[in-house]
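Participant: only geometry, no sequence info:
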């Protein structure tokens, strides 16, 4: 159970400041069941739900829009006609990314770690503690100060949802 006060703290950090039909559907007097809360949190532009069949080019477009809104003006160039490889550059740092659904050596975690490597130190990706349990992976990006604040004000709840990249 995610207590109501902690849920509101998390939602505000994720840019969700108004009630929605999903919120009204799942809210209880004492908070939210974790699975229900994720459906509300999925409305945030800072959360990426990546299906194993996803296309790198499309997902990078979504992520780039969000990262730009956080002050990281990424430049992305597709490196293949299929859209399964790309070069991402920010302030002189560059990384080659690849993802193809049917290739076992690619993963969304590798893509996200590549993006993290070029991002400024004040932005941080974290992964869902449930990654690996299904055919979708979930990642969130927030300013590091937001993660730190969530660690102070909603520690147990945020730890039940997200962990540092690759720590699972």
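Facilitator: Yep, that arrived. It should be emphasised that the depicted structure is a prediction, and the values quoted were computed from it without experimental measurement.
Participant: Point out the other helices and strands that the longest strand along the chain packs with.
Facilitator: What stands out as the longest strand in the chain, according to DSSP state E, is strand 136-143. If you count contacts as 3 or more CB pairs under 8 Å, 6 or more residues apart in numbering; DSSP states H and E, strand 136-143 packs onto strand 47-51, helix 56-69, helix 108-118, strand 123-128. From N, CA and C alone the C-beta is placed, and that goes for glycine too.
Participant: check contacts around residue 56.
Facilitator: Contact partners of residue 56, counting by CB atoms under 8 Å, 6 or more residues apart in numbering, are 83, 84, 85, 86, 97, 98, 99, 100, 111.
Participant: and the residue nearest the centre of the chain, bridged to which residues?
Facilitator: Geometric centre of the chain, nearest residue: residue 140, 2.0 Å, by CA atoms, centre = their mean. Beta-bridge pairing for residue 140 (DSSP bridges): residue 47, residue 126.
Participant: For it, list the residues it contacts.
Facilitator: Residue 140 sits in contact with 14, 44, 46, 47, 48, 125, 126, 127, 128, 162, where contact means CB under 8 Å, 6+ apart.
Participant: let's see 10 Å
Facilitator: By CB atoms under 10 Å, 6 or more residues apart in numbering, the residues touching residue 140 are 13-14, 41, 44, 46-48, 124-128, 146-147, 158, 161-162.
Participant: likewise residue 73?
Facilitator: 64, 67, 89, 90, 91.
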